[in-house]
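Visitor: Build me a structure from this.
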Amino acid sequence: MTRTSAPVDAPGADAWEGLVTTALLGTDRRTPPGTAPGPDAPLALLDAAAVAAVRRRAGLRPARAAERPQAAPEDARPALPPAAARRLAMLLADRPGPSGGGRRGAAPDLTELLPQWLAVANARGFAPPPQVLPALLDAARGRTDLRPAALEFAGPRALWLARLNPDWRFALRATPGGGAAPPHLEDADRIRQLWQEGLFAERVALLSALRSRDPAAARDLLATTWATERAEDRLMFLDSLREGLGPDDEPFLEQALADRSRNVRATAAELLSALPGSALAARMAVRAEACVAIDHMRSSPPRGTGGEKGPAETPATTPVIAVEAPHECDPGMERDGVVAKAPAGRGERSWWLGQLVEAAPLGTWSRRLGGRTPREIVALPVADGWQGELHAAWCRAAVRQRDPAWSRALLGDPSAPEAGGPGAVSLAERAKLLGTLGAAERAEWVAGFIAAHGLSEAFQLLGVCAVPWAAPLGRAVVDALNIARDAGSYPWSFSGVMGLAERCLDPSEASRLDALLAVPDEPENASPGAGGYWAEAFQRLVTTLRLRAAMAEELGAA
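Guide: As a prediction, this is how the structure comes out:
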């Protein structure tokens, strides 16, 4: 028996939602329009849905064709030499192995060579082959440390690609303004428009670019909207004034000391204290001088026979630095950037003292402490246990004011038992002090430190040395590694330094390392298998250095 379905009226366009609701509720509870309840209702519902689907599809109008993307911009830089292009493809194809505690083997880690390759390529001004741009952007996406150099090398075409692929949108964020060049310095109307209407990243980029070319114009531009900016934006904009900071910035920064944001006030005070001739620095000097002075303490005289003091004998005097920390943090101190509340575990008076000394011009202390030089001042004993606090504050002041004479005094002799001088209370302080010295002097000091104290504490100091390492520093590192190997030390304890050497040692040192490639005889108390590990590590170091030399030659670098 053939069942004939009930006639179905084609539903209108608005009936589709009703059919969906009927399907959800079921035909026992609701039937399609024009259909009686019963066994034919489900079939009628399907027929109505089929007719409605055809009508919906047939009624669609063709969409307009999408606008074709604009052509990729030209890159006027010279193309990479063929050998360098092949090397780049190899570096981008390499993937880091799984992280673990096992041996790395003797093969170089190509992923660690990519940053150096990019640095040389950027210095030479080469443009990348277009076909490697996707791999280059993928590499930069996975490594934030790689992004600045990778995007500089990728050039304008990377931004063009980033607008087409959401995975690469980081390139647009990392390049303020989406890569748009800042307006010309003479185009005052365009500068004013971008400053008033641009996105935050565009405004930061504009202010930084303008500051590097015309510090006064950048400061004046910031002043036009300063009062209406958000606190967090004011802080970022104020930080851009570090570039080209000079005496002309003092009036603006003095006004910022009254800002309603504590962070803005603190940053303004820090910038003013970096200007030794500023009024704030003078105020801080007065406060700091009131806390630190020379006290001539009398020492016990030598005794004569029988413990009697001779008639011509007088007690000797020893100059000592006496410290009287502030007893309160008054409103004037707070306005000048002193934070009143001490961190947990710090005494209030020592906290206030450190901030005053840190912000005072370092030239204050020679005048205050009897005309002594920085080295003589640092060598003076400090009474009542204040030496650590006072020297730590001088360290921060030397870094802030970029004063090499005080940095040398606080670092001291690298071979001294205290390893860096009485003021360098930590490796972090030493590294910051070294940053105020020239590259050659920095390398010489760290080389002396390694020769006297070995590599166990030198890793952080090596990180502030210029690359490639100067010859004395490179020799000191290799000699210390060789001593550690001969002593049977745990080889994995030096893996960090060995990794640094692979990236920072001058490639010309490779020939000096050939004698270290053999597996050494292991001392009686050496770690099991240490000799084989050391041989692998030195083999990897030599291979990496020679690979770096080949990379530089391919790029035409000297």
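Visitor: Let's verify Val396: helix, strand, or coil?
Guide: No, residue 396 isn't Val; it's Arg. Secondary structure assignment for Arg396 (DSSP: H, G, I helix; E, B strand; the rest coil): helix.
Visitor: per-residue pLDDT, it?
Guide: Listed pLDDT for Arg396 reads 94.
Visitor: ok, and the closest non-adjacent residue to it?
Guide: Counting by Cβ to Cβ, 6 or more residues apart in numbering, Arg396 lies nearest to Glu358, which is 4.5 Å off, once chain neighbours are set aside. Using the backbone N, CA and C atoms, a C-beta is placed for each residue, glycine as well.
Visitor: Number of residues surrounding the one you found?
Guide: 23 (other Cβ atoms under 10 Å).
Visitor: Let me see the contact set for it.
Guide: Residues in contact with Glu358 (Cβ atoms under 8 Å, 6 or more residues apart in numbering) are Ser273, Ala393, Arg396, Ala397, Arg400.
Visitor: Arg546 versus that one, what's the distance?
Guide: Per Cβ to Cβ, to the nearest Å, Glu358 is found 47 Å from Arg546.
Visitor: who's in contact with the residue sitting nearest the centre point of the chain?
Guide: In the chain, the centroid-proximal residue (Cα atoms, centre = their mean) is Asp145; its distance is 8.5 Å. Contacts for Asp145 were tallied using Cβ under 8 Å, 6+ apart; they are Pro115.
Visitor: What's the per-residue pLDDT of it here?
Guide: 88.
Visitor: what's the spacing between it and Ala171?
Guide: Counting by Cβ to Cβ, the gap from Asp145 to Ala171 is 15 Å.
Visitor: again with Pro62
Guide: For Pro62, the distance to Ala171 - Cβ to Cβ - is 35 Å.
Visitor: Give me the more crowded residue out of those two.
Guide: Looking at Pro62 and Ala171 with other Cβ under 10 Å, you find the greater number of neighbours at Ala171, namely 23 against 5.
Visitor: Show me which helix or strand of this structure is least confident by mean pLDDT.
Guide: Sorting the helices and strands of the chain by mean pLDDT, DSSP states H and E puts helix 170-174 at the bottom, at a mean of 77.
Visitor: quick one: buried residues of the helix or strand following that helix?
Guide: Using DSSP states H and E, the helix or strand that follows helix 170-174 towards the C-terminus is helix 188-197. For helix 188-197, the neighbour count (16 or more other Cβ atoms under 10 Å) marks Ile191, Leu194, Trp195 as buried.
Visitor: Quick check: pLDDT value at Ala139.
Guide: Note for Ala139: predicted pLDDT of 93.
Visitor: count of neighbours near it?
Guide: 20.
Visitor: Sticking with it, tell me its helix or strand.
Guide: Using DSSP H and E, Ala139 sits in helix 133-142.
Visitor: what's the distance between the helix or strand where Val120 lies and the middle of its chain?
Guide: Take DSSP H and E as the rule and Val120 turns out to sit in helix 110-124. Distance, stretch centre to chain centre, for helix 110-124: 18 Å (Cα atoms, centre = their mean, to the nearest Å).
Visitor: packing partners for that helix?
Guide: Helix 110-124 is packed against helix 82-93, helix 147-154, helix 495-504, helix 530-554, with contacts defined by 3 or more Cβ pairs under 8 Å, 6 or more residues apart in numbering; DSSP states H and E.
Visitor: would you list those helices in a markdown table and tack on distance to Pro251 and mean neighbour count?
Guide: Listed next are the helices and strands packed on helix 110-124 as a markdown table, based on distance: least, Cβ to Cβ, whole Å; neighbours: other Cβ atoms under 10 Å:
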| stretch | distance to Pro251 | mean neighbour count |
| --- | --- | --- |
| helix 82-93 | 50 | 17 |
| helix 147-154 | 34 | 20 |
| helix 495-504 | 44 | 19 |
| helix 530-554 | 49 | 20 |
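Visitor: Including distance to Val292, could those helices go into a markdown table?
Guide: Converted to a markdown table, the helices and strands packed on helix 110-124 look like this (distance: least, Cβ to Cβ, whole Å):
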| stretch | distance to Val292 |
| --- | --- |
| helix 82-93 | 55 |
| helix 147-154 | 43 |
| helix 495-504 | 39 |
| helix 530-554 | 49 |
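Visitor: Among those, single out whichever gets nearest to Pro37.
Guide: helix 147-154 (66.8 Å; Cβ to Cβ).
Visitor: which strands and helices sit next to that closest one?
Guide: Using 3+ Cβ pairs under 8 Å, 6+ apart, helix 147-154 sits against helix 110-124, helix 133-142, helix 170-174.
Visitor: That helix versus helix 110-124: what angle between them?
Guide: Here helix 147-154 points in a direction 50 degrees away from that of helix 110-124 (axes from the mean of the first three to the mean of the last three Cα atoms, to 10 degrees).
Visitor: Go ahead and name everything in contact with the helix or strand that helix 147-154 is followed by.
Guide: Next in sequence after helix 147-154, counting helices and strands by DSSP H and E, comes helix 156-162. The contact list for helix 156-162 (Cβ under 8 Å, 6+ apart) reads 70, 72-73, 75, 130, 133-134, 136-137, 151, 168-172, 175, 178-179.
Visitor: could you pull out the strands for the chain?
Guide: Assigned by DSSP state E, the strands in the chain fall at 292-298, 317-323.
Visitor: Let me know how buried Leu513 is, in neighbour terms.
Guide: Leu513 has 18 nearby residues by other Cβ under 10 Å.
Visitor: Tabulate the helices and strands packed on helix 147-154 (a markdown table), appending distance to Pro468.
Guide: A markdown table is the format used below for the helices and strands packed on helix 147-154 (distance: least, Cβ to Cβ, whole Å):
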| stretch | distance to Pro468 |
| --- | --- |
| helix 110-124 | 10 |
| helix 133-142 | 23 |
| helix 170-174 | 28 |
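Visitor: now for those helices, which one comes closest to Gly499?
Guide: Comparison of the helices and strands packed on helix 147-154 against Gly499 by Cβ to Cβ identifies helix 110-124 as nearest, at 7.3 Å.
Visitor: Fine by me, we can end here.
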